[in-house]
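[1] Starting from these lines, generate the structure:
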Amino acid sequence: MSDKPDYYPHQHEPLLVVISGPSGVGKDSVLQCLKERGLPFHFVITATTRPPRPNEVHGVDYFFVSNTEFAEMVEKGEMLEYAMVYNDYKGVPKSQVREALKSGKDVIMRLDVQGAETIRKLCPQAVMIFLTVENEDDMAARIRRRSAETEENIKLRILTARSELTRIADFDYIVVNRQGKLDETADIILAIIKAEHHRVKQRKVTL
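    From the prediction side, this is the model:
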């Protein structure tokens, strides 16, 4: 396979693509589907203090670190952004994003809505994609199906997700991840990236 997918024009600026949205909309599943396409994107690995879920792998899905390790990374200025989400810290290591952009690769970053807001302020030229589902009931059902947490924490996730749905206007694109249509969702996101690379005035990402 070529180093560049065939939808790049002969000259292009690497993109910083943020895929965000409330809990329960399938961000991780969409990201995995994109990874399986074999395209030369850099998928950012987030550091988190939460324990791994079943089948999650350190260094692949997340960097699972202790609270002490996370605090040291923040103190050393190694985080591009970080926040507390549902009582656990999550953050994006700065170096991997800068190195990937420098190499000319598009960078795909999966963030919660709070983290996406931080990146939008740091990098107004980022492509901001808001992932959602068909309705609030579907979102709540997904949160309950996947969660092994207490009922109190599940309710907190649902309330937070409801609030995050009001932030759609802060994003460039909205993509509905319909039940059973994961490949369709990935196709739409790739079409957005393709269109961005064909802009007359391309985004110039600086971090």
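[2] Give me the contact list for the lowest-mean-pLDDT helix or strand in the chain.
    Every helix and strand in the chain was compared by mean pLDDT, DSSP states H and E; the lowest is helix 136-146, with a mean of 73. For helix 136-146, the surrounding residues in contact (CB atoms under 8 Å, 6 or more residues apart in numbering) are 22-26, 132-133, 154, 157-158, 161-162, 165, 179. C-beta here means a position set from N, CA and C on the backbone, and glycine is covered the same way.
[3] repeat that with 10 Å
    Contacts to helix 136-146, defined as CB atoms under 10 Å, 6 or more residues apart in numbering, come from residues 21-26, 28-29, 53, 132-133, 135, 149, 151, 153-155, 157-158, 160-162, 164-165, 177-179.
[4] Go through the longest helix that the chain contains and flag the buried ones.
    Ranked by number of residues, the top helix in the chain under DSSP state H is helix 182-197. Residues Leu182, Thr185, Ala186, Ile188, Ile189, Leu190, Ile192, Ile193, Glu196, His197 are the ones in helix 182-197 that count as buried (16 or more other CB atoms under 10 Å).
[5] What are the buried residues along stretch 77-92?
    Buried-residue list, stretch 77-92, by 16+ other CB under 10 Å: Glu78, Met79, Leu80, Glu81, Tyr82, Ala83, Val85, Tyr89, Lys90, Gly91, Val92.
[6] Now the phi/psi pair for the fifth one, please.
    Comment: the main-chain dihedrals of Tyr82 come out as phi -160, psi 160, following degrees, to the nearest 10.
[7] and Gly77, that's in a strand?
    No: under DSSP: H, G, I helix; E, B strand; the rest coil, Gly77 sits outside any strand and is assigned coil.
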